[in-house]
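Asks: one predicted model, sequence on top.
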Amino acid sequence: MPALPPNVHLITHPLVQHKLTLMRRKDASTNTFRRLLGELSSLMAYEVTRDMPMQEVQVETPLETMTGRVIDGKKLVFVSILRAGNGILEGMLSVVPGARVGHVGLYRDPKTLQAVEYYFKMPQDMQERDIVIVDPMLATGNSAIAAVDRLKKLAPKSIKFVCLLTCPEGITALHGAHPDVPIYTAAVDRQLNSHGYILPGLGDAGDRIFGTK
């Protein structure tokens, strides 16, 4: 695999890679796929939040007073690209339960493969918040670009993009439009097919999460 751009973060932890491999199997049931996605999302959340700002607070231990460090989870917003992004949310929120949640509804036009927006709902005061966009696949990059375009209009403090899988075409597209947005992923697969699906990939993530195949 060629060298990745500096702001593409490949999460190679053995547990992440193990669970992703099990999810790729075509005979994995909906229940198994959904459970593994939740576990994998929690593991990825640790890496994505590694550089979150912290503040010092005074706490009373059973023995004495000390200064500890905490994060302000309320300043973090997980933005799900509907519908498949919702499969990642639960795992992320299990790690940062105080985070806010936003939703961007996008569907891919089957003829043009372009993203069409049908829903957009965010918390207030987005200019004070750090955004983590979640979507299982970064394939053509059209949905990711559309989501970032929309969110940048709210002037948040920062934006990151998290996906299970991507491919060279998706990375090139998102970085071409938004080179300042880092990508966190568990795998960079070989290529897209003519229908805009990642190869070898894992199929349609939304269908596999919700059992709608």
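Replies: In hand now; what should we look at?
Asks: quick check: buried residues in the worst-scoring helix or strand of the chain on mean pLDDT?
Replies: Counting by mean pLDDT, DSSP states H and E, the weakest-scoring helix or strand in the chain turns out to be helix 205-210, with a mean of 82. Using 16 or more other CB atoms under 10 Å as the burial criterion, the residues of helix 205-210 that qualify are 205-206, 208-210. To be clear about C-beta, it is placed using only N, CA and C from the backbone, and glycine gets the same treatment.
Asks: tabulate these (JSON lines), appending distance to residue 159.
Replies: Putting the buried residues of helix 205-210 into JSON lines (distance: CB to CB, whole Å) gives the following:
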{"residue": "205", "distance to residue 159": "21"}
{"residue": "206", "distance to residue 159": "22"}
{"residue": "208", "distance to residue 159": "27"}
{"residue": "209", "distance to residue 159": "24"}
{"residue": "210", "distance to residue 159": "26"}
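Asks: could you list the low-pLDDT ranges of this structure?
Replies: When the per-residue scores of the chain are filtered using pLDDT under 70, the ranges that remain are 1-2, 73, 213.
Asks: mind listing the helices for it?
Replies: Residue ranges of the helices in the chain, as given by DSSP state H, are 14-24, 30-48, 86-95, 142-152, 168-177, 205-210.
Asks: could you identify which of those helices is most buried?
Replies: helix 142-152 (a mean of 21; mean count of other CB atoms under 10 Å).
Asks: okay, now residue 50: neighbour count?
Replies: For residue 50, the tally of surrounding residues (other CB atoms under 10 Å) stands at 9.
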